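Visitor: Pasting the sequence and the predicted coordinates here, then a few questions.
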Amino acid sequence: MSRVLVYIHGACSHQPGYSDPWWAALQPWTDAYGAGQLGVTRFEVLWSDLINHGGPSALAGCIEDFFSYLYELPIRVQIIRRFTAVVRRLFLAGHTVDVIAHSEGTMVAYEGLRWFDSPAVAMLGRVANFFTLGAALCYAWDPLVPDSNVRDHLLVANQDGAKPQVVTNWWNLNAAGDPFGGPLIPAYGCDKDWLDLPAVGCDGLEPLCAHGSYFNPQNVRVNRDIIANNINYNYS
C-alpha cells in the first residue's frame, strides 16, 4: 500500500503547480512519497477557478472566495466535490493519504473529509495525517458579533466539530502573527495544536507573510519537526 500526499490551497487565485514550492520545503525531510511527482504520489486540489475573481483587486477576490464558500451553497458543494473526488479516487486505488490544507482550504478539507463519515462511503480508505495550517476553520471575522465564526456556518452536520472518521491524526499549526488561523481545540476534534510557531522569513508584524510562512524552505520547525516527523512516524 503506497503513501500519497494531497495539498489543498486556500483563498485567492491559484494555478496548477501551486504546491511545487510547498513540496520543495518538505521534500528534504521525508521519503514517504519518493520524488513526490505531481500526479503520481503528490496531488493538488485546485478550486479557485470555481469563483469569479473579477473584483477590483486581488484582495477583494480573496475575500470573495471566503464568503462565497460560506454563503453560496452551490459553490460550496462544487468546491467540496473537487476535494472528495481526488481523495476518493486515491482511496479506491488503495493508497494511504496524507492531507496538507492551508487557510480556507482547511474548511474545504474538513467538510470534505466529513463527507466520508456517511455509511455509504465510509471505510473506503484512511487519512493517516490531516495537517491544517493557518486554519480558517477557527476564524471569526467579527469576534464581537454572534454567529460570525466559521464553525457556525459549516454544513449543519459538521457544526459539531467532530474529527472526521477517516482521519487517524489531525494536527493543527499556526504561526505567530498569522491572524487567519489559531487553536482548533476544544472547538474541533483535533489531536494537537502547535501555536505561536516562528513566522520564518517575516520581519516584524506581517500578517500575510506569517500566513504563508509554513512553506518557507527555511522553516524546519514546521516542515521537518512537525509535518515530516508525523508523516514518517504515522503510517496508519
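Guide: Ah, there it is.

Visitor: Flag every buried residue along the longest helix along the chain.
Guide: Counting residues, the longest helix in the chain under DSSP state H turns out to be helix 73-92. Residues 75, 76, 79, 80, 82, 83, 84, 86, 87, 88, 90, 91 are the ones in helix 73-92 that count as buried (16 or more other C-beta atoms under 10 Å). C-beta: built from backbone N, CA, C; applies to glycine.

Visitor: ok, the fifth one to residue 47 distance?
Guide: Per C-beta to C-beta, to the nearest Å, residue 82 is found 5 Å from residue 47.

Visitor: Which positions in stretch 227-236 come out as buried?
Guide: Neighbour-count burial for stretch 227-236, counted by 16+ other C-beta under 10 Å, picks out 227, 228, 230, 231.

Visitor: farthest-separated two in those residues?
Guide: The span of those, defined through C-beta to C-beta, is set by 228 and 230 at 7.5 Å.

Visitor: picking up where we left off before, can you put the buried residues of stretch 227-236 in JSON lines and add secondary structure, pLDDT and distance to residue 118?
Guide: Compiled in JSON lines, the buried residues of stretch 227-236 are given as follows (DSSP: H, G, I helix; E, B strand; the rest coil; pLDDT from 0 to 100; distance: C-beta to C-beta, whole Å):
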{"residue": "227", "secondary structure": "helix", "pLDDT": "98", "distance to residue 118": "29"}
{"residue": "228", "secondary structure": "helix", "pLDDT": "98", "distance to residue 118": "32"}
{"residue": "230", "secondary structure": "helix", "pLDDT": "97", "distance to residue 118": "27"}
{"residue": "231", "secondary structure": "helix", "pLDDT": "97", "distance to residue 118": "27"}
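
Visitor: ok, of the residues you listed, which one's closest to residue 13?
Guide: Distance to residue 13 across these (C-beta to C-beta) is lowest for residue 227, with 25.0 Å.

Visitor: Could you list the buried residues of the worst-scoring helix or strand of the chain on mean pLDDT?
Guide: Ranking every helix and strand in the chain by mean pLDDT, DSSP states H and E puts helix 58-71 at the bottom, with a mean of 82. Going by neighbour count (16+ other C-beta under 10 Å), the buried part of helix 58-71 is 61, 62, 64, 65, 66, 68, 69, 70.

Visitor: ok, so of the buried residues of helix 73-92, who is nearest residue 34?
Guide: Nearest member of the buried residues of helix 73-92 to residue 34, counting by C-beta to C-beta, is residue 90, at 15.3 Å.

Visitor: Next up, the contacts around that closest one.
Guide: Residue 90 makes contacts with 4, 6, 43, 97, 125, as judged by C-beta atoms under 8 Å, 6 or more residues apart in numbering.

Visitor: shared neighbours of residue 82 and residue 47, anything?
Guide: By the contact definition C-beta under 8 Å, 6+ apart, residue 82 and residue 47 are jointly contacted by residue 108.

Visitor: where does this protein have low pLDDT?
Guide: For the chain, the stretches flagged by pLDDT under 70 are 1, 52-60, 122-123, 143, 234-236.

Visitor: Thank you kindly, that will do.
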